[in-house]
Structure formats: structure tokens, C-alpha cells
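**Student:** 3D model of this:
(chains A, B, C, D and E)
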Amino acid sequence: MTTLSILLVISAALFCIGLLAALSRRHAIFILIGIELMLAAANLNFVAFWRFGPEPQTPTGVMVAIFSIAIAAAEVAVGLALVISVYRHYRTTNVDRLNQLKG
Amino acid sequence: MNHWIVANLWLIPAIPLAAALSILCLNSSRGKGAAALAVLGQIVALVMAVIAFVPTLQAPGWRAFHNFTWFTFGEQALRIGWVLDPLAAAMLVMITLVGLCIFVFSVGYMADDKNFTRFFAYLSFFSAAMLGVVIANSLLLLFVCWELVGLASYLLIGFWIDKPSAAAAAKKAFITTRIGDIGFFLGILWLYSGSGTLLFYDNGHGCLENAGLLLLGASATFVALLIFCGAVGKSGQFPLHVWLPDAMEGPTPVSALIHAATMVAAGVFLVARVYPLFSAGAIDGVTPSLTVVVSIGVITAVMAALIALAQFDIKRILAYSTVSQLGLMMVSLGVGGVAAGIMHLIAHGFFKALLFLGAGSVIHGCDHEQDIRKMGGLRWLMPVTFLTYAIGMMNLSGVPFFFSGGWTKEEILQATTHWHVSHLPHYLMLVGVVLTALYMTRQMIYVFFGNKRAASTHAHESPRVMTMPLMMLAGCSIVLSIALTPAWPWLHSYLNGEPAHFHIARLIQPMLFVSLALVAAGIGLGWLIYRNVAETDPVEQAQPALFHFLESKMWLDELYDWTVIGLSKMAARLSDWMDRNVWDGLVRAFAGLGQFFGIFSADFDERGINAGVDEATGGTRGLGRLMSALHSGQIQTYLRAAAVSVLALLILYAWLT
Amino acid sequence: MNNAAFLVIAIVTLAGALAAATLPKLIHAALCLIVAFVGLAAFFFFLGAEFVGLVQLFVYVGAVAVLIVFTILLTRRDVGKPDKFNWGGIVVAVAVFGGLLWAILKTPSVAIAAAQIPPLTVKRIGEVLLTNYVWPLQCVGLLLTAALIGALVLVMEEKRR
Amino acid sequence: MIAWTIYVTFAGAILLLFLPRTSARWIALATTVAGFAISLLALSRMPIVDLATFKTIVRIPWVPMLGMEYHLAVDGISLTLALVTGLTAVSAVLFSWDVDHRQNEFFFWLLLVVGGSYGVFFSADLFLLFVFYELVIVPKYFLIAIWGSTNKEYGAMKLTLYSFFGGALVFIGIIAAYAATGSLNLYDLAQFQFSTQLQSWAFPVLFLGFAVLAGIWPLHTWAPTGHVAAPTAGSMLLAGIVMKLGAYGALRVAMNIFPQGFHMWSRYIAVFAVIGILYAAAVALRQRDLKFVIGYSSVSHMGFVLLGLATANALGVSGAVLQMFSHGVIGALLFAIAGTIYRRTHTRDLDTLSTMGLSRALPFAAFAFVIASAASMGIPGFSGFAAEITILIGTWKSYPMAVWITGAGMVLVAAFTLRALKKSFFDTAVSTNGGTTSVSSNASANALPPITIAEKWGAGLLMFATLAIGLYPRLLLDRIMPAVEAMRFLKQ
Amino acid sequence: MITVLILMPLVGAFFVSAAQPNYARRMALEFNAITAILVFMLWKNFDSTAAGLQLVERHAWIPAIGAEYLVGIDGLSLLLVILTSLIFPFAFLAQRMGRGSCVLMLIMQSALYGTFTAQNFILWFLFYEMSLIPAFLLIKIWGGENRDRAATKFFVYTFLGSVAMLLSFLGIYFAKGTFDFATLADLGKHGLLTGNMAWFAFAGIFLGLAVKVPLFPFHTWLPDAYETAPTGVAMVLTGVLSKMGVYGFVRLLLPLFPHEIQVLAPWLLGLAVCTIVFASLAAWAQSDLKRMVAYLSINHLGYCMLGLFAVTARSSSLIDMHAALSGVFMQIFNHGITAAALFYYVGLLEQRRGLRGIDDFGGLMQRTPLLCGWMSVAMFSSLGLPGLNGFIGEFLIFKGSFAVAASFTAVAVIGLLVTAIVFMRMMQALFSGPLAKSCNAFPDLGRNEKWVVVPVTLIMFAIGIAPQFMFNIFNTTVIQMARLFA
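**Tutor:** Numbering: from 1, shown residues only, chains lettered A, B, ... in the order given. Below is the predicted model of the structure:
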């Protein structure tokens, strides 16, 4: 068990917890939280692979993580705005009742 | 002079026709003008007829004709024309003269009718048509006028339009005569196709002249018989006589003019006119067609005389007597006595018109009562009528010497004796003479003798305008007898185209005594039977069944109703039924077939073809529905699916490596 | 490096995350999320990516968490109700975790030690950011602006009506 | 020049997507009118001699590796069909003047169908033809599925399934031809002598593939359902253009490249065609939905086209092409009127319509429908007669029996057309002498909105076309005949 | 010139359709006046002594199928054109008409001119069918009760016939390669087709024309159609439209299939006789005046057929042929006028009473002597009274047919008798007897009505008395045709 693999396992666990949240919860904000968790897990992976990768001199993983965080922030902002907007419209944030995408 | 009249012979019918047309244009309130026009037209026609009569006297058998093309069809010209010969000339004079008398009489008789003008228009029209029949030199033209005469008769019989019985009688007359005319028409067609011409006389090419007759050959018999059908219809011969008594529904002058004096005689005239056809190929003056004519004539004469015995309507008695007399004339023609027949026709024209007008006068005097049982004792109330009527009666009964009818009847009886086929007609004619005298005596006694009865209490003599024609006609019938005496058989010779010679010896013949006896017997018998008549007829008391049989006209009308008319009506109804159900039904069946095909195909489309396609479509749709159900629209479901797919990919990857 | 600290950080992070995913009350979950993010930031520090850790702290703990809390407050009426939990998710999540774990453990190439490198300075990051990654940077800037505007529009829209 | 019909139409379609709704119908009108005008211009300008052969107008390599080219050509047949396409398109737009649901999109799809059809008629490359051919099917689906009415999903699905089925067969046939020759160029293919064995199976596959779209019995059932489900303009296009695509393909591709196969099978085609004529007419006699009646009449008329094609002589085939034109116009007119009635009364049930006394309420529609019915029945003076008699004369040479049977079919056509005419317009209510018009029908009749100007123009255009060609068929026949005579499948 | 004549009513239809509804009828009449002038000029230009077609206009039309625009007139055509231009104004005057019916009538008029002048089958057929639609619509829209059934029956019947005829002509065209009447007639002399084909073609054409005439048993559409058609339309239907069938027989069937007709002669003559007898008997059984007149119309057309079949049936002499043909032509014209007049009078009665059962009237003579008088003229003309127009045609027909088919003619003459019975029945029921209460308020003929009645009656008299001017029109044609059939 190397450090990297431990980190990867942690990241995988984090991802799965996020997945759990996104899959199991009904509340839109929980889903958002789950997604954030999954993103975070991915970030962890990026950084870990950078640190233990063959070329730690070029900070590619770090850069990707930074961008990812920035995008995630934007995503959260929009996502939450959507939640508020949807809430105003439907008076609920329960995604079960939001099946407008049904074909 | 004579050329002028030959070329302008058409004027004789044209003048009354013009009168008729101008009367039609008159307002119905101009009654006097109408009458004047009509009478004037008739007078002019009479004058012209006399003028036309003159040249025919210049030589025995003189004949002139004028032919012209009516129209050309294809390369063929259809020619018609008119002819002036003794037959035509005599008829012209008779018709115009009798017609004039009747016109004048009508002025009085119809004075208070609201359709006075129309009546005169019709009368003039009739006169024109009748004159046209007489002068026609073409069977076609004759037929044309013949039909017009029928039309006029129809119009006049049905003159009292609000009387349903008049309308029915008019219809009956028109249709019955038309039945005969159909035969006539076929005869014309046959003649035309046989001889190629319809002209009677055409410088040797006419159908009555040798060339035409040769072309016809044996078919002449059939043509003659077919033409005779027309005569039967018009002249009220046996099977088709039923219309004539009914035609008495018309005004009395009409009965006098048309159904006694002129039109009904047209049949006899027709036979006389085309006599060469009848006698073509004759052996001893006997041909099959002439034999038929004789038989029909005999049956008609005797039958009608019998029926006349049992009638109570004054005009009907006269009508049957007319039928009977027409039969007599036919017999005369049939046995070869053409001149005798025509002479009787002319004489009959005068005295029958006289009788009818007298009857009209009586009816007029008795407030339009026609039942002789309700009359009686009129001889003092209506002396002029009585006298003239008696003259007419004498004529009709055949009292010789002073009455033209007597002489002509005598001639006919003479002619029948010469017939080679059988003497039965002769004896039956003798019976007829007795019967005629009998029923006329009966009528006289009923009407003029005895006590006054219901209708005759207020009877009065008719005005002069009506009695004048009576006297005129009576005079004529007496005067005419001069031209008819066997001693100087002028008319006979004139008609036969021979010079006339005076032989006083011929005046007295054995036959004369026989007939004199018969007439006397008839009148005497009549006097015996009827001298004390009351409301019921003596014969009726004695032989009710026989009388009833005769009174009902031998039930011929009923027989026709049941057979011919009934069958035709059934045929009509059958045709209608066939039309509505069978033929239309066939069409509907075809349509139904189409519909059935439609149902069948539609069904096949629905169940056969569509079913398979629908299965496929339905399957696709089911798949789609399944997919659609999967896409619940919930993000989480999609996410889950993605996750599972990732897993699946992973496993796949693992499995591959 | 001390393994103990590593272990603690790992446990805190995972526990926080698990709590954030499973706690019935949203507000609790949000707080636990902060804990998890802080743990994650610690990992970044631990791995020598201090800048990333800081960014993680600022962005997530400072901004995202606050946003979430605000949202929770704004949609309070709905939030009050306890959320239903779908157990099917667990199965999937565990299965995925199993799969990942199997893949990680099976992969031999990751078993290498970390190389010694000079610390990654902010200056270096800045240099790289403005040289190699200048286009992505611009895009992200654009994205952020768009997201900002979008969020504003979404939230404002209702008010206009 | 004529190629511009395609470009203009597609350009219009794309333009529609970018411009506001209010102008959508005007753009569509302008586009279709432009297309029509171009075809008219071509008709008047192009010398008849040039139309005798399938003459290249554009030829650009496309996928040289596979021998695909962007290759357009024109002859009298193509031109005739382009003409009817333009005509139908213009009136279809006019009759959709008041579509208000997703207008842009509607006209976009409509123009795609039109453009694709132009493309098919001018393609001289098999693959290009196939692309255009398929391009028509998809928009058709949307037109029906979105703007349709009765049972629209079903109708659209059925139509699309059939089309794809046909398309698949066509594709097989094309592949077979391509595999045998290595060329997709219609010229080359038309010169190539395929082995008899190949022809004997490839021809029926290819022909059937096309004939499905032409409504050959017994694969016709998409037509009535599809027509019924489609919106007015959709039905007009279906009847006016799309069904022609099949017939055109059968003529231009199947018959032309596999002449011997055609000769082997032509007898059966004739049999099917005759059955189709009679059968569809009989079915139409039983329908209660006005559009179903017209739909089946379309099948019946297309049976004439197929019969004409099956004769394999110049007269019959020319008649078939003329009938394509004629039916395009008449079918479009019939559907247009059915659509206008439906829009106003919201029913197409003949029994219901028969109580409305529509002839008084919508006199213009009644008039137009009478004209259309007359034309449909093959009354002389209308294009239907000119076409049918040409076909029948042609048929007489090949299958005299068929002519007699078809004669019976013409009576059936008359019967059902009259029935539809009577029930839809002239049934009850209006009586001349008594004036016993029932109050209710009067009231409902008065409430109907009158026929709009656009509809009048559209109907007028079509009526004029059918009359013009009916009275002077030489206008087209002169161009069709040489083109047909240039084809090699003719039996002499 | 002929083209102008054909187009004129169409132009009229166009103008009328644009006109105020109130002026429609007047305008239609004005256009009829123009066409009347045209027809008069046509008549003037027509050289009645020259054989063959005159005033021919010939243009290529659809060369692919041998159709060309070929119009021209001979005597028969001219006769029918004149008849058409007589009947139409008469029909327009008969009845108040709306704009729509005026337009349709004008279209029909144009179609009829076309039918009677076209000399190429396709063109002829075009006009033939073109007349069908307006007639159908006129019955359908403006008819009385039962109009749907009648109109549909009328249409399907005639259409069925047309299709059969069309198919036959296709067969002929395929065999002979021409649609030209004159050429076909020349070919027909020596047998146009052979074998079964000839019989098929004959049967097809015969069926088409027999329905149109109509010949028993294809006649059942006619009483229904005429009964329900409005007066003006019924007049045109019987006056002109029914002549299309007879015209077709003369122009198409007889010249093309002399041999077939000869073989079938007894049957055809039998059909004609059946038509005559059954139709008249059926007329007798009717109680509806219009229906009665309709059946009589069939009966009269039966005479035409009798004459025609007789002409070609056996080798008859030239004179008989001339007679029969002339008679048929006369009868065509006479029946046109007389039957139209009868319908007109029945229409007048119906206008006044609202009903037209024979028992709905009575004693009219007292109330409306003029109407009755004029109507009687028409009736007598119809029953063939000499001196009126009906007689001459019938006489010549019978003359021609008697020579070749005496027995058939003899039976057919029964028709004359039954016709007389029918009219007598009608007159008795309508005119005489006591005045029915319901007819108490009848107005007599109005001034406008007199204007209609007088000229028509005058024509009847004119033809009846001096028919030469009619014969002049078609004598040359008769001779030419007789030569063709001989």
C-alpha cells in the first residue's frame, strides 16, 4: 500500500460518498453537495497524481485542480440559484417531483 | 273560273279557320261579333262551295286537283294537294249549308252561355277542318284534317268544362277515335311505303289511280282495312261506337253538326274517297275488305237500332240512330253502292241535323231537360219544332216520295239486293228499317203527343233564330228529294260520274212497296205500342230483362271497362311497378354489389393488411413506451444509470484484460 | 510525515463527507460538508499543493458553504422536513466503490514513491497560469462571469414578475 | 438555373430559424414562390430539345473515394415534377397561413420536405438521390407528429416505418447496383448491362422500395392513415409531392437501370396497380372520415401511375408522369379543402358534416371541392382525364384486359367521390322551393369563419393548374414524351 | 366562329359569377341574346346545300393521343345548336334563378354547344362530360325533394355509360389510330373492328349512349332526375341534354358499327319499342305531373331510336332512310321544344299551387283559360297532333321504320295511343270539372309568361304547318348520312 494508493482509495471513498448523496437524497441541495463531493474527490486525485506522477516539475495536476475548483464554484453558484428558482416556481426542492425532463 | 276555284280551293276551309282565329282573339264579351264572324265565314264558305260546285257539273266525272310540295325530306318531296270532284263538291255544299243552319241555330241556343265566343271559335275551327277533310287530295292531308276534326270534336264535346261527365265524354271520344286512327295511321304508312305516294290523284301516279294500285298489289286489302279502322272510329262503327252516344254531353248544335251531320260521316266519306283501294282486285264487286265493311255496317246498324229502342235521352236516341244510319251507309258502300251511300250521307246530314236541332229546340224549350219520359204534349206548345221534327222523323224512318231519306234508303236497299255474297245484309237492313220507324215513332209519341209531363209544362217555342234553321233544313231535306228520285237520279249519276236521265218508270219499283210496307209497319207498330205511354216504357213492362239489356247499351261499355281498359290500366301500373322495382332494383343491386365490394375491401384493409403493419407499429411503440418509462425525467435515475454503466464498463474492461 | 496525522485527516474527511451525505437535516449536512472540505484542504497541504489547499479553503469553506447555508435559509419552508433516503443509492455507491477499489489495488504502476521536488510556489503557479494556461484562465474567467450573471438572472427573474 | 430551386428552398428553411415568428409565413411563401417561379421559368426557357435527355446541370465530386458526386441533372420528367412540387408547396404554404403553433419550425420542416423533393427530382447520383430521399422522410415525421391531428403518433409512426422500410429496400437495391458497377452515376448505371439474374431480384427490391412511397397495393395503408394524421399542408405535401417521390424513383432508378428486370416483373406490377385502383376506390366508398376518403382516392390515383409505368411504352409512362402531376395538384386541392373544412367545423366525419349544409356556408369551398372532385373523377377538361386517358391508351397496347377492369374502377371512383361530395357539402338543410332550412344548421353555418384570401389563392392556383393542363396537356406532354422515349426500358 | 360560340356562355358565366346576384338572370339572358345572334349568324353562314362539315376549325391539341381541337357543323349540328340556343333562354325565363344556377346553366350551355360541334372524340367527350357536372349540381343543389338520390343516380348512371364509351373508343383508337369522327365513319363502312373487339366496343358505346338517351332499360335515372330538377333545369335536361344521346347515336354508333347494328337489329328495335310502349304506359300510371312528363319524354326519344335503328337495321331503301333520318332530326328538335314547354307549364302550375300531383288541380279552365289553352297546345303537340310540330317528325320516323320493320312499328304506334290517353287524362284532371278550391286564387298567365309562351307556341305551329325551313337545315346532311349507311 503506497501513499498514492491510499490517497486514491480515500478519493474513491469520497467519490462514492458523493455519489451516494447524489443518488439517494431527494433534496436538491443534497444532490449538489454530493456533486461537490465527487468533484472534490476528483481534485484530490489530480493533485495526488501530480505529486506522485512522473513529472512533478510541471504543475499540471495543480492547475487542473485550481480550474476545477473555480468551475465548481461557478457550478454551485448557478446550481443554487437554480434551486432557489425552482423552489420559487414549484414550492419544492424535492427532485422526485421535478420530472419535467420526462419525454 | 274553274281554274281559279281549283287553285284556290284551300280558301274554303281557310275562311272558317280565319274566322276561328279572329274569334279567338276577341274578348269574350264580344259575343255578337263572334257569332257574326262565324256565320259570315260560313256564308262565304257556302258561297265558295257553290262556286266550286259549278264546274263539277260541266261534265260527268269531272275531276280537278292541285298538288304542291309540302316539304322535302332528303331527296324526296312530300306532296299534298286538294281535289275537286263531285264527291267533294257535294260534301262541301252539304257541310257548309248544314253548318250555316247550325251556326245560326247556335246563336240562339247558346245565347246565354258565358263562353259564347269560344264556342263559335271552336265551331268555325271544326268547320274548317271538316272542309279540309273533304277537299284533301292526299291521304296525309286528309289525316291531318281528320285529326283536327277529332280535336274540334274533343273541344266541343268537352265544351261545358265544369261538367265532369262532359270532360269524360270528350276524353272517351278522343281516345276511342284515336284507336281507330292508329290503324288509319298504319294504313297510311303502309300505303306510303307500298305506293310511294300519298296523293289520291296525280295524273295517273296517285295511289288511287291504276299505277299506284298496281304498286300496292295484294297489300291493298290490308291497307284498306287499316284505313277502315279510322273510319270505324270516326263513324262510330261497331266496336268503337261507344263514344258517340256519350258525345251527346256536348251542346246540342255540336251534336247536330259534328255527331250527326258531318264528322261522323267523315268515315263514310273516307271509305268512299279511297274506294278504289277497297275495290282493288274485286271479283264481281266483292273484296275481302268490302266484306268486312259490310259485316261491320250490318252489325252496327241493327245493334244501334235495337239500343235506340230502349233509350230515354232524346239526344241519345238520335245518337244511336246516327250510329245505325252510319252502319247503313257502310253497308251500302260495302255492297258497292257508293253513290247510294254518299247520297244517304248527304240526305242524312240534312235530316239528322234537323232532328238534332229540333231536339235542341225541345231541350231549350224544356229548360234543358233531355229525358223524353218527362216531356209530352209538346206538339201544340212548340208547333214549328213539332212540324220540322216530324219531317225529320219521316226522313229518318224512310218514308219515300217527299223525303230525301226515303229515297236514299231505297237506293241502299236496292244496292244490297245486288250483293252476291249473301242476302243476309238485305234482310237485316229491312229489319233495321222497321226498327228505325219504330223507335222514331216512340220518340215522337213520347215527346210531342200524349199528356204534358214534368218538363213540358212551361215549354215554349224557341225564338226565330232557332226555328228558322229548322225550317230551312226541313225545306232542304224535302227539296233534296227531288234530286234523289229514281225517276231522275241526278245526284246518283252526278256522284257516279254518269249523265242523268229522266225515267218516270223507275219511280215505281217492287222494292218500294216492300219498304213502304215496312215503314208503315214500323210506324203503325210504334203507334200501337206507344200510343198510351206513361212514365214507364211498355216494352220495359213486357220484357224487362231485354229492355234493360238494351238500355244498358248491351253492357258494351262495361265490357270494355273490364277488358280493354282494365287490362291497359293494369299494364300501365305494371310498367310503373317494373320501373320502380325491377329495373331500378337491378340498378340498386349493382350499386349494392359495389357497396359490398367496398365493405369487403375496407374490411380486408382493416383486418388483413393493416393488422400486420399495426403489429409492427405497435411493437415499435411498445419499445418506445418502455424507453420512455425509463426516462423518468429524474436526474438521479439518470445518474444511477450512468453509474451502473460505468460499473458495467469497468467490468467489461476487467473481463477483457 | 506522520502517518497518524494522515490517518486522522483521512478519517475526519471521510466522516465529514459521510455525515454530509447522510444526515437528515440539511443544515447539519452543510456544516459537516465544511468539515469534509477542510479535511480535503489538509490533504492538499499534505501533498505540497498549498495553494490549492488555500483556494479550497477560501472557495469552498468561505464561499460555497456560505452559499449553501444561504440557500437553505432561503428555501427554509421545504428544508424543515426531513429528507427521505433512497437505499438503492447505497448499493450502487458501494458497488462503484468496490469496483474502484479493485481497480486501484490491481494497478501496479501506482506503487511508486513521491519524488523530491522544489516547493510549488504561488509565483510559479502564477507564471504557469499566465503562460501555459492563459486560455483556460480566460475561459474560466468568462465562465465565472457568465455563472455570476446567470445566477443573478435566475434569482432575479421571479422578482421581476 | 433549375438547381436553384433546391438552394433557395434550403436557404429559406435556414433563414426561417433565425428570423422572428411574425415573418415566418412570408419567408416560407417567398421561398416556395421563388422555387415555383424558377421551375416555371425553366419550363418556359429551357428548349424542349434539351429536356429530352437527362442533362447534367451541376457536377461536383463529393466523396471521390466512393464515387459519390454532387450531380444534378434535368429532363422533362424532372421538370414536370419540380413544377408540381413548386405548385403544391406554394399552395401548402398558403393553406397553412394561420398555423400558429411553432410557426417557424413548421415552415422549416415544410421547406425541408420541399427542398428534399426538389433534390430527389434533380439528382443524377444514386447516393445523392438517396440522401435527399431520406431527407424528406424525417421532416415529414415531425410535421405529422407535432402539427397533426387524429391519431397523429400512430400515423406518423406508420408512415415513417413504411418509409424506412422502403428506404431500406432502396438502399439494398442501390448497394447491389453499386456493387455490380462501382458507380453511382445514373448515366453509367443506365448504360450498364446488368446480368439478368441480378436484375431479376434487384429490380423488384428497388422498385418495391420506391413503390411503397407511391402507395402500391398492398403496402398502401400508410397513405390514408398518414394523410389523416397530417396537418393540412402535410397532407398536401404527402399527396402532392411525397407520393410522387416513390413513383419518380421507381421510374428514374428502378426501371431505368434494370430494364430487363422490369420487363420480367411489369405484368405483376400492372396486376397490383389495377387491384390498387379498384380496391382503394372500393375502400374509399366505405370511409366515414373525409380525409380517409381522399387518402384512399390518392392510392387509387397512384394506382394509375403505377399502371402507366407498368405498360412500358412511351404513352403509358408519359401518362403516368402526367398523372403524377395531375394527382399532385388534385390531391393537394382535395386535402386543402378537407383541411379548410376541418379547421372550421372541427370534424371530418361525413355524417356530421352532412348535417351542416356546408355548401351554403362555405360556397367557395364547395365550388373548389366540386372542381376537385370532377378532376379526380376524370372528367374531361381536367388534368386527371388527360393523364388517365393517356395511361389507358398506353395500357391498351400492353394489357387490354386491365383497361376494362380499370374502367369499372373509374366508376367506383366517381361513386365515392360523389358520396364524399354529397355528404360533405350538399346533404340536408338547404331546400329551394320550400325554404325549409333547418334553423340549427343555418346557425352553425353562419358561425363558420369565411374562407380566407390565402386559401382562395391557394385553391385558385391549384384549380387553375388542373384546368390548364387538362385543356392543354401538351404543355407538359411535349416535354415528358421525349424524355420518356429516351429511356431504355421501353418495349417496342 | 364556332369557338366564339362555345366560349360566349363561358364568358357569360364568368361575368355572371362576378355580377350582383339580382342581375344574374338578366345578365345570363343578355348573354343568351348574344349567343342567339351568333347562332343566327352561323345559320346564315351555313350553306345548307353543301355536304360535309362547314366552318371547320382545326388545331392540334394533344397529338400524343390523337386528340385535336376540331369543331365544325353540318346540318344536324346546326339543328342542335339552334335548339340549344332556343331552349336556354326559355329555361332562363322559366324560373327565378340564383346566380349560382345561372353560372352553371351557362357552363352547361357552353358544353352543349361544344358537344354538338366537336368532331373529334376526345374533344366531344370533354364537352359531353362537361355538361354532366353542372347538370348534376343543378339537380343536387336546387332540386326538389329526393334530389340527392336522383342526382347521384343521374351522375353515376351517365358516368358509367361515359366510362364504357371512353373505353370502347380507346379500343377503337388503338385499332385505328384516330379519334376523328369523319375518318372513323369512313372506316366504319367496311367494318371498323373485327371479332370480339368490335362487340366490346359496340357494347361500350351503346351503353354510354343508351343511358344518355335513355333507352329502356337504362332509363330509370330519368324520371327521378327530371322529377326533382328545378323547372328550368328539367327543361334543359329534356330539351337538349337528352339529345346528346341521340346525337351520339347518329354521329358515333351508327356510322361506326353498321354491321353490328344490322346483326342486332331485332333486339335494338325491340328495345326501342319497349322504350316507347313501357314509358308511355308508365306515364299513364304516374300521378306526379313532372314524372308523367318525364316518362313521356322517354317515350318520345324512343321514337327517335326506333327511326335510327330502323334506318340502319335492314337494308332499307334510300327514301325510307331519308324519311327516317329526317324524322329523327325533326323529332329531336320538336321534342326539345315541346317537352321543354311541357315542363315549363308544369313548372307554372307548380309555382301556383306548390304541388304537382295530378289530383291537386281541377277545373283550371275556368280560372286560367289562357294557361290551359297554351298548355293544351304543347300537349297536343306532344301527342303528335297533325298541324303541330310533333306530327311531322313522328310521321316520317314511322314512315321510314314501317317500310323495314312493319311489325315493330305497328307495336310502337301503340305508344301514340297511350300518349294520347295520358294527355287526355291530364287534361281531364287539370282543366275540366268543377274548379278545385285550392286553385281558386290562381293567376292566369302573366305578361312575362306570355312572352315566353307565345314564341314557343308559334314555333310549334310554324314547324307543324310549314316545316320546310327546318328541313332545309339538315336535308343535305340527311342525304349524306343515308349514303354513308347505305
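**Student:** How about the helix or strand B:Gly233 falls within and chain E, any contact?
**Tutor:** Per DSSP states H and E, B:Gly233 falls inside helix B:220-234. No: using C-beta under 8 Å from any C-beta of the partner chain, we find that helix B:220-234 stays clear of chain E, coming within 9.6 Å at best. The C-beta positions use only the backbone N, C-alpha and C, and glycine is treated the same way.
**Student:** mind saving the C-alpha coords of that helix as PDB?
**Tutor:** The C-alpha coordinates for helix B:220-234 follow below in PDB (Å, rounded to 0.1, in the frame of the first residue of the first chain):
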ATOM      1  CA  ALA B 220    -104.200  -3.100-100.900                       C
ATOM      2  CA  THR B 221    -106.700  -5.200 -98.900                       C
ATOM      3  CA  PHE B 222    -104.700  -4.700 -95.700                       C
ATOM      4  CA  VAL B 223    -104.200  -1.000 -96.400                       C
ATOM      5  CA  ALA B 224    -107.900  -0.700 -97.000                       C
ATOM      6  CA  LEU B 225    -108.800  -2.500 -93.800                       C
ATOM      7  CA  LEU B 226    -106.400  -0.300 -91.800                       C
ATOM      8  CA  ILE B 227    -107.900   2.800 -93.300                       C
ATOM      9  CA  PHE B 228    -111.300   1.400 -92.500                       C
ATOM     10  CA  CYS B 229    -110.200   1.300 -88.800                       C
ATOM     11  CA  GLY B 230    -110.100   5.000 -88.900                       C
ATOM     12  CA  ALA B 231    -113.500   5.100 -90.500                       C
ATOM     13  CA  VAL B 232    -114.800   2.800 -87.800                       C
ATOM     14  CA  GLY B 233    -113.500   5.000 -85.100                       C
ATOM     15  CA  LYS B 234    -114.800   8.200 -86.600                       C
END
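**Student:** so what does whichever helix or strand comes after it touch, helix or strand wise?
**Tutor:** Reading on from helix B:220-234 to the C-terminus, the next helix or strand found by DSSP H and E is helix B:243-246. Contact analysis of helix B:243-246 by 3 or more C-beta pairs under 8 Å, 6 or more residues apart in numbering or on different chains; DSSP states H and E lists helix B:164-195, helix B:314-334 as its packing neighbours.
**Student:** Take those and write them to CSV, including mean neighbour count.
**Tutor:** Listed next are these as CSV, based on neighbours: other C-beta atoms under 10 Å in any protein chain shown:
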stretch, mean neighbour count
helix B:164-195, 24
helix B:314-334, 29
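**Student:** Can you lay out the ones you listed as a markdown table showing distance to chain C?
**Tutor:** What follows is the helices and strands packed on helix B:243-246, written out as a markdown table (distance: least, C-beta to the nearest C-beta, whole Å):
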| stretch | distance to chain C |
| --- | --- |
| helix B:164-195 | 93 |
| helix B:314-334 | 110 |
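**Student:** Those: which one's closest to chain A?
**Tutor:** Judged by C-beta to the nearest C-beta, the one of these that comes nearest to chain A is helix B:164-195, at 87.1 Å.
**Student:** Next, the angle helix B:220-234 makes with the closest one.
**Tutor:** With axes from the mean of the first three to the mean of the last three C-alpha atoms, to 10 degrees applied, the angle from helix B:164-195 to helix B:220-234 works out at 170 degrees.
**Student:** just checking, next helix/strand downstream of helix B:164-195?
**Tutor:** Next in sequence after helix B:164-195, counting helices and strands by DSSP H and E, comes helix B:210-216.
**Student:** and that next one, how far from the chain's centre?
**Tutor:** Taking C-alpha atoms, centre = their mean, to the nearest Å, the mean C-alpha location of helix B:210-216 is offset from the chain mean by 30 Å.
**Student:** cool, stretch B:513-520 as well?
**Tutor:** 34 Å.
**Student:** which outside residues touch that stretch?
**Tutor:** Stretch B:513-520 is contacted from outside by B:Ser397, B:Gly398, B:Val399, B:Pro400, B:Gly406, B:Lys409, B:Glu410, B:Leu413, B:Leu430, B:Val433, B:Val434, B:Ala437, using C-beta atoms under 8 Å, 6 or more residues apart in numbering or on different chains.
**Student:** what about the fourth one, how many neighbours?
**Tutor:** For B:Pro400, the number of neighbouring residues by other C-beta atoms under 10 Å in any protein chain shown comes to 23.
**Student:** dump the residue contacts of the nearest residue to it once chain neighbours are set aside.
**Tutor:** Nearest residue to B:Pro400, sequence neighbours excluded (C-beta to C-beta, 6 or more residues apart in numbering or on different chains): B:Gly406, at 3.5 Å. Each residue near B:Gly406 by C-beta under 8 Å, 6+ apart is listed here: B:Met394, B:Asn395, B:Gly398, B:Val399, B:Pro400, B:Ser481, B:Ser515, B:Val519.
**Student:** ok, the contacts of stretch B:513-520 vs D:Ser78, which is closest?
**Tutor:** B:Lys409 (103.6 Å; C-beta to C-beta).
**Student:** Pull the number of nearby residues for that closest one.
**Tutor:** When neighbours are counted by other C-beta under 10 Å, B:Lys409 registers 31.
**Student:** Scan the chain for its longest helix.
**Tutor:** In the absence of a named chain, chain A is used. Secondary structure of chain A per DSSP state H: the longest helix is helix A:60-90.
**Student:** Please refer instead to chain E.
**Tutor:** Looking across chain E with DSSP H, the single longest helix is helix E:318-353.
**Student:** Now it: buried residues?
**Tutor:** For helix E:318-353, burial by neighbour count (16 or more other C-beta atoms under 10 Å in any protein chain shown) applies to E:319-353.
**Student:** That helix: what's the following helix or strand?
**Tutor:** Helix E:318-353 is succeeded, C-terminally, by helix E:364-367 (DSSP H and E).
**Student:** which residues sit against that following helix?
**Tutor:** Residues contacting helix E:364-367 (C-beta under 8 Å, 6+ apart): B:161-162, E:349, E:371-372, E:430-432, E:435, E:439-440, E:442, E:444.
**Student:** Which of these fall in helices?
**Tutor:** E:Leu349, E:Leu371, E:Cys372, E:Leu430.
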